[in-house]
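Trainee: here is a sequence with its predicted model. Questions after.
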Amino acid sequence: MPKRSDYITWDEYFMGVAILAAQRSKDPNTQVGACIVSQDNKILSIGYNGMPLGCSDDEFAWGRDVEHDNKYFYIVHSELNAILNYRGGSLEGSKIYVTLFPCNECAKAIIQSGIREVIYWQDKYKDTPEVIASKRMLRTAGVQITEYIPTGRTVNISV
Ligand SMILES: Nc1ccn([C@H]2C[C@H](O)[C@@H](COP(=O)(O)O)O2)c(=O)n1
Ligand SMILES: [Zn+2]
């Protein structure tokens, strides 16, 4: 019997994991997932945007607009969570799949942790200073930036 031919690609697999991780986010507006992968295609870590450990999802603000108490003060971005969730040592030479282009703060953490490639799906904040600065830093530091092109394949997960 021949092997299956309709299996998902590595890129579909890792971006799919990032998309699934994003479903854990409590952010009512934007859910982001990230998946860090080694050079030999092993998943090293996963993250999504959420409140820091011990900071209750029910007590901290999820809104965007209140000047003195909004989610931006508190939320840990998916990429930083994925980096911080890693317990195995060095991320040198790894790549990160992320559902939304990293901001400047995450770019710094990506660069400093030794991640060498960012594969991103959406880029809805591309005209913001944060993302423009992020791209500048990533390019200058020699981190490869790759846009994920959706294949259109539907993967059903029944839970
Ligand atoms: N690359 C990114 C960009 C943003 N996030 C998080 C931060 C917030 O939880 C949310 C953005 O909220 P919005 O301003 O669209 O209401 O996404 C991230 O984790 N990674
Ligand atoms: Zn960020």
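Mentor: Noted; the coordinates are in hand. Ligands and ions are numbered 1, 2, ... in the order given.

Trainee: every contact and neighbour count from this point should use C-alpha atoms.
Mentor: Will do.

Trainee: what residues does this structure put near ligand 2?
Mentor: Residues of the chain lying close to ligand 2 (CA under 5 Å from the ion) are H77, C103, C106.

Trainee: top of those by number of neighbours, please.
Mentor: Counting neighbours by other CA atoms under 10 Å, H77 comes out on top of these with 23 neighbours.

Trainee: how about the contacts made by it?
Mentor: V32, Y48, N49, G50, C106 (CA atoms under 8 Å, 6 or more residues apart in numbering).

Trainee: could you redo the last one with a cut-off of 7 Å?
Mentor: Y48, N49, G50 (CA atoms under 7 Å, 6 or more residues apart in numbering).

Trainee: was I right about the first one contacting V32?
Mentor: Yes: here Y48 reaches V32: they are 5.5 Å apart, a contact under CA atoms under 7 Å.

Trainee: joint contacts of the two?
Mentor: A22, S78.

Trainee: between those two, who's got more neighbours?
Mentor: Using other CA under 10 Å, the more surrounded residue of Y48 and V32 is Y48, with 30 against 26.
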